[in-house]
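1. Whatever this is, show me its structure:
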Amino acid sequence: MKTIISKLLLTTVLVLLHIMSGCAVNPATGESDFVMMTEEQEIALGRQNHALILKQYDVYEDKALQAYVQKIGGKVAQKSHRSNLIYRFTLLDSPEVNAFALPGGYIYITRGLMAYLNSEAELAAVLGHETGHVTARHAVRQHSAATATDIIGTILATATGVQGAGDVFGTLGTVIVRGYGREHELESDRLGAEYLARSGYDPQAMFKVIRVLKNQEEFEKKLAKKEDREPRIYHGVFSTHPDNDTRLKEVIDAAKKIKAKSKIINRTIFLKKTNNMVFGDSEKQGIVKGNNFYHKDLGFAISLPKGWKIKNQPDAIVAQTDTNDGLLHITMQDLNKRITPREFIIERLGMTDLREGKKIWVSGNKGYTAWTTTKTPFGNRSMRISVIYFKNSAWIFRGVAKESGSPRKYDNVIMKSTRSFHKLKKSELSLASALRLKLIKATSGTTFKKLASTSKLANYPEDQLRLMNSHYPSGEPESGTLIKIVK
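-> As a prediction, the model looks like this:
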């Protein structure tokens with residue numbers, strides 16, 4: 001046994017020594033970091049994942065606004081420790097409040113986050129923070145650490161012959177990697193603040209962004225509780241810095257010492273650039289209002305089960321019960337052959353075991369519905385499958401109940417939704433239109449409560465207006481200032 005342990009330790013030490021040879025000088029900090037890929041490999045990794053990001057998210061279709069984001073991001077990145085990289089800043093067409101970076105200079109911000117910023121300096125702060133992740137090679141360091149723990153875990157599992165030994169070490173490695181989060185975020189704050197100052201922006205914008213994110217997070221938790229779902233919160237630690245965070249104040253103060261010719265804010269310029277930007281769901285992705293879904297581009301509408309939670313995903317519409325024991329999943333596929341809806345289910349979907357099948361007509365569109373047994377999120381279950389032909393597409397409705405002994409528990413409401421599918425009516429065009437940010441000039445009598453009373457925002461309109469104008473949870477706009485509303 002001692003011999004085995006000695007060999008194991010020797011093997012592990014040799015591997016660790018080999019791995020340590022992967023240390024390199026961090027271009028942003030000047031310190032020695034553990035990395036297992038070259039800069040060329042880092043860029044290739046970013047390029048590869050950039051393509052995957054663009055499959056998951058649409059790029060926001062506003063060339064002028066895209067150019068503005070690229071201009072501000074490029075200005076900040078030019079003052080970074082890795083100005084040799086070509087940085088690509090992309091505005092994503094998503095209502096999520098988020099920003100993130102890939103290795104090699106690929107950086108993203110959502111229009112959902114843009115809507116809550118109120119100056120060019122704040123935009124520069126977000127992009128500067130994300131640039132810090134790239135220059136400090138955070139993703140590369142995490143990737144390298146994860147790779148190393150996988151290697152060592154495999155050796156331990158093989159040498160000991162104990163099943164699961166690798167998993168235990170891998171889990172520990174994951175905890176170590178995730179533990180870097182706080183330090184990485186703070187390091188990105190420091191670098192971002194430095195890049196802001198070098199670019200002529202006020203480093204204090206970092207504080208303003210953090211305050212915006214903290215307030216938005218509190219509101220999102222409030223909304224998620226009402227809608228009985230998990231809150232969708234901006235990534236990690238950057239949003240959870242307390243305003244009085246001593247270490248954060250230290251990095252901002254350090255940035256202040258950098259001599260800059262000016263402290264750019266550019267509030268009015270930023271607001272005018274984002275005027276008319278889509279807020280919430282976009283027409284390209286479809287609009288959810290109450291339990292109804294409208295899609296102007298595809299020209300259809302549907303009513304989903306009342307009281308169910310609705311998720312408008314890039315490739316599907318998903319409705320779930322409050323208790324998550326019932327599911328309706330709707331997708332679309334192009335039609336390429338003149339086959340019947342029944343044949344489509346068999347040939348294209350591969351479902352041959354159809355029971356109680358029958359033809360259906362939904363708002364003049366032919367379809368087919370049946371029961372089948374298949375794999376679902378609840379395991380193998382009896383599932384209601386329906387297909388409706390609309391224009392040159394097949395709309396696929398999958399409905400299932402979690403209880404294996406009660407497959408028809410939600411069948412009536414699922415079929416009611418299926419039969420509600422119809423061509424978008426003229427009277428529904430306005431409902432299928434996206435909401436947009438608009439600028440107005442506040443007067444002495446302007447209050448957020450008054451603005452909320454006529455707002456098209458569905459949930460907590462006063463709170464949302466306060467959030468997007470940096471007056472959450474209290475305060476009123478000053479007379480003569482530009483403020484954002486939603487129309």
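
2. quick one, strands of the stretch 301-450 of the chain?
-> 309-313, 316-320, 326-334, 355-362, 365-376, 379-390, 393-401, 422-423, 435-441 (DSSP state E, counting those that start in this stretch).

3. Could I get the buried residue list for the second one?
-> Of the residues in strand 316-320, those buried by neighbour count under the rule 16 or more other C-beta atoms under 10 Å are 317-320. Where C-beta positions appear, they are placed from N, C-alpha and C, glycine not excepted.

4. same thing with the first one?
-> For strand 309-313, the buried set under the neighbour-count rule, 16+ other C-beta under 10 Å, comprises 310, 312.

5. Mind giving me the packing neighbours of that strand?
-> strand 316-320 (3 or more C-beta pairs under 8 Å, 6 or more residues apart in numbering; DSSP states H and E).

6. what comes into contact with the strand it packs on?
-> 286, 293, 302, 304-305, 308-311, 326-331, 417 (C-beta atoms under 8 Å, 6 or more residues apart in numbering).

7. Then stretch 336-354?
-> So stretch 336-354 is contacted by 333, 335, 357, 359, 366-368, 370-374, 385, 387-389, 394, 396 (C-beta under 8 Å, 6+ apart).

8. what bits of the stretch 201-350 of the chain have low per-residue confidence?
-> 227-229, 232-248, 251-252, 255-256, 259-262 (pLDDT under 70).

9. same question, the stretch 51-200 of the chain
-> 139-182.

10. Spit out the contact partners of the spatially closest residue to Asn380 that is not a sequence neighbour.
-> By the measure of C-beta to C-beta, 6 or more residues apart in numbering, the closest residue to Asn380 outside its immediate chain neighbours is Thr373, 6.4 Å from it. By C-beta under 8 Å, 6+ apart, the contact set of Thr373 is 353, 380-383.

11. Any of the contacts of strand 316-320 buried? List them.
-> 286, 293, 302, 304-305, 308, 310, 326-330, 417.

12. okay if I get the residues you listed as JSON lines plus distance to Leu186?
-> Formatted as JSON lines, those follow (distance: C-beta to C-beta, whole Å):
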{"residue": "Gly286", "distance to Leu186": "39"}
{"residue": "Phe293", "distance to Leu186": "42"}
{"residue": "Ile302", "distance to Leu186": "47"}
{"residue": "Leu304", "distance to Leu186": "43"}
{"residue": "Pro305", "distance to Leu186": "45"}
{"residue": "Trp308", "distance to Leu186": "41"}
{"residue": "Ile310", "distance to Leu186": "38"}
{"residue": "Gly326", "distance to Leu186": "44"}
{"residue": "Leu327", "distance to Leu186": "41"}
{"residue": "Leu328", "distance to Leu186": "44"}
{"residue": "His329", "distance to Leu186": "41"}
{"residue": "Ile330", "distance to Leu186": "43"}
{"residue": "Ser417", "distance to Leu186": "48"}
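
13. And the residues you listed, which two are furthest apart?
-> Gly286 and Gly326 (21.5 Å; C-beta to C-beta).

14. just to revisit the earlier point, Lys225 versus the residue nearest to Asn380, what's the distance?
-> Remark: distance between Thr373 and Lys225 (C-beta to C-beta, to the nearest Å) = 37 Å.

15. Please name the bridge partners of the residue nearest to Asn380.
-> Judged by DSSP bridges, the bridge partners of Thr373 are Ser382.

16. Pull up the per-residue confidence for it.
-> If you check Thr373, the pLDDT there is 97.

17. domains for this structure, by residue range?
-> Per automatic domain parsing, the structural domains of the chain span 32-274, 287-428, 434-486.
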